[in-house]
Every structure is written in structure tokens, then in C-alpha cells.
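Q: Sequence isn't available, so here's the structure alone:
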């Protein structure tokens, strides 16, 4: 589950926020398998989609994380979950996306694609209301 500014986020929904206001993020990983899983690293990567096949991940001047954009997940037991909190601060207006990836921690072997990425979150940063 992904929550942006306290609201459950769906890949078909555009979340609107204001430039200069921290946007709380929450990612909850639930283990529905019969076995413990982990360790993982959860990484959140903001980008802009230029709609021509190019994704711009060089957004240091437009977005900053409050806290870290990578979290270590040791082990998640069956039927349990693990929740991670962070926040984004948008410095400019625009349409941005957030890639959320889980990958095995300290291993060169990748997980199957169904475990690797969650659907991108679409966030629109607008001018603050005066």
C-alpha cells in the first residue's frame, strides 16, 4: 500500500500537492506468502516523464527528500507487514512520478519483476495558494 499525504494512492490517480509543503509518504509492505521474506532495500526514486520515452531522474534542484529515500527491511514474517515513512519537498511546479522499488539487499541477484516495482505514483506540484 502507498499513501501520499495520508491518502491511499492508486496508479490511476494524480495526487496534487503544493510547492514548499512537505508531502508525507508511507509505503507498507505486506507479506502474503507462507514464508518470511527479506532482507530488502526499499528505494523511492522521483522522476519526470517527458512522454517520449525519456525519464529524467536528475531532479536534485526540483525535489528533495525529507529523510532518506532508501530504507532497509530486515525480515517480514508471513501475514505481517512493515511500514516506512518519508516525505518529499517539491521546489518547483510540475508533474512528477515516484518509482518505488524493492530489491534484495546485499545481493547481486534480482527478484522476479512482480516483486521489483510498484506502479509509479503521479504527483502534481502546484503553486501555493495565497
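A: Noted; the coordinates are in hand. All of these numbers come straight from a predicted model, not from anything done at the bench.

Q: pLDDT score for the closest residue to residue 66 other than its chain neighbours?
A: Leaving aside its chain neighbours, residue 66 sits nearest to residue 87 (3.9 Å; criterion: Cβ to Cβ, 6 or more residues apart in numbering). In this view, the C-beta of every residue, glycine as well, is placed from N, C-alpha and C. At residue 87, the model reports a pLDDT of 92.

Q: Looks like residue 87 contacts residue 26 (just checking).
A: No. Assessed by Cβ atoms under 8 Å, residue 87 is found out of contact with residue 26, at 9.7 Å.

Q: Residue 67 versus the residue nearest to residue 66, what's the distance?
A: 6 Å (Cβ to Cβ, to the nearest Å).

Q: Who has more neighbours out of these two?
A: Between residue 87 and residue 67, counted using other Cβ atoms under 10 Å, the more crowded position is residue 87 (15 against 12).

Q: Quick check: bridge partners of that one?
A: residue 24, residue 66 (DSSP bridges).

Q: List the residues that contact it.
A: Residues near residue 87 by Cβ atoms under 8 Å, 6 or more residues apart in numbering: 22-25, 65-67.

Q: one more time with 10 Å, if that's ok
A: For residue 87, the contacting residues are 5, 21-26, 64-67, by Cβ atoms under 10 Å, 6 or more residues apart in numbering.

Q: export those residues to CSV and tack on pLDDT and distance to residue 103?
A: Output for those, formatted as CSV (pLDDT from 0 to 100; distance: Cβ to Cβ, whole Å):
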residue, pLDDT, distance to residue 103
5, 79, 26
21, 93, 30
22, 93, 26
23, 92, 24
24, 93, 24
25, 90, 18
26, 89, 20
64, 92, 23
65, 91, 18
66, 89, 23
67, 84, 19
